[in-house]
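Student: The following comprises the amino acid sequence and a computationally predicted model.
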Amino acid sequence: MNDKKTLIMDAAIRLFAEDGVGVPTAKIAKEAGVSNGTLFNYFESKQILIEGVCLYVIERMAHEIIGDFDPDADIKEMFSHSWRAYIRWAQNNPLEHKVLGLLKYSQILGEETEQKIDSFFEPFNKATERAVKDKIMIDIPLELMSRMACAYMDAVIAYIREYKLNKSEITDIIEKSFQMHWKGISV
C-alpha cells in the first residue's frame, strides 16, 4: 500500500476511534499530514474511505486470526485458536478494535464491502458449515453464530480491560469463556 494511503488510513482509524465516523475529512487529512485533495485522490468519497478503513482493519485482523488456518484441523481446536487470536488481536490493536465495533453493525457499509468482509472468513465459514453438517455444532445461521461469538469475545475484552487482569488471569478467563461458548454451540 502507498505510504500516503497508509498514513490516511491510520489517521482515519485514530480519529474514528476518537470522534466516530462523523469526523471531517479535512481533519483526517491534517492528521495524516496530507492535503484534503490528496485524501480524495486516494478515496473518492468519505464513504469509500470508511469502507476502505473497515476492509483494512478486517484484513489485518483476519490475517492474525486465520492466517495459518488449517481447514482440516479439529473444529474445536480451530474455534479455540480463533477465539484466543481475536482477543489477542483486540488487546494489541485497541483503536482498530474500537473502529471495527463502530463499523461492524453500523449499516453504513455497502453490500460489496460486506461481501469482501465475508470472503476473508470463507475458509472458516466452510469448516463451520461442515461441522454443522457432521452434527458437531448446532444448526443455527452462520451469521447469528458469528455475531454471538463476537459479542462474547467483545465482552471478554471489555472485562479484561476494565479489571486490568494480569497475564495469568487473562489466560484463565479466555479459556473459561471459550469453554462456555463452545458448550453453547456444540452438539
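Tutor: Nice, thanks for sending it over. Numbers count the residues shown, from 1 in each chain.

Student: is S186 in a bridge, and if so with what?
Tutor: When bridges are called by DSSP bridges, S186 pairs up with M137.

Student: residue ranges with poor pLDDT in the protein?
Tutor: 1 (pLDDT under 70).

Student: how about the helices of it, start to end?
Tutor: In the chain, the helices defined using DSSP state H lie at 3-19, 25-32, 36-42, 46-66, 75-92, 94-104, 111-120, 122-133, 142-163, 167-185.

Student: Reformat those helices as a markdown table; add mean neighbour count.
Tutor: Just so you know, the C-beta spots here come from the backbone N, C-alpha and C atoms, and that holds for glycine as well. A markdown table is the format used below for those (neighbours: other CB atoms under 10 Å):
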| stretch | mean neighbour count |
| --- | --- |
| helix 3-19 | 18 |
| helix 25-32 | 18 |
| helix 36-42 | 15 |
| helix 46-66 | 19 |
| helix 75-92 | 18 |
| helix 94-104 | 18 |
| helix 111-120 | 13 |
| helix 122-133 | 16 |
| helix 142-163 | 15 |
| helix 167-185 | 14 |
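
Student: mind listing what G110 touches?
Tutor: By CB atoms under 8 Å, 6 or more residues apart in numbering, the contact set of G110 is 47, 51.

Student: Could you report the separation of it from H81?
Tutor: Distance, G110 to H81, by CB to CB, to the nearest Å: 31 Å.

Student: for Q107, same thing?
Tutor: 30 Å.

Student: again, but for L144
Tutor: 21 Å.

Student: same deal with G37?
Tutor: Per CB to CB, G37 is found 44 Å from H81.

Student: now do K98
Tutor: The value you get for K98 to H81, if CB to CB is used, is 24 Å.

Student: Thanks a lot, catch you later.
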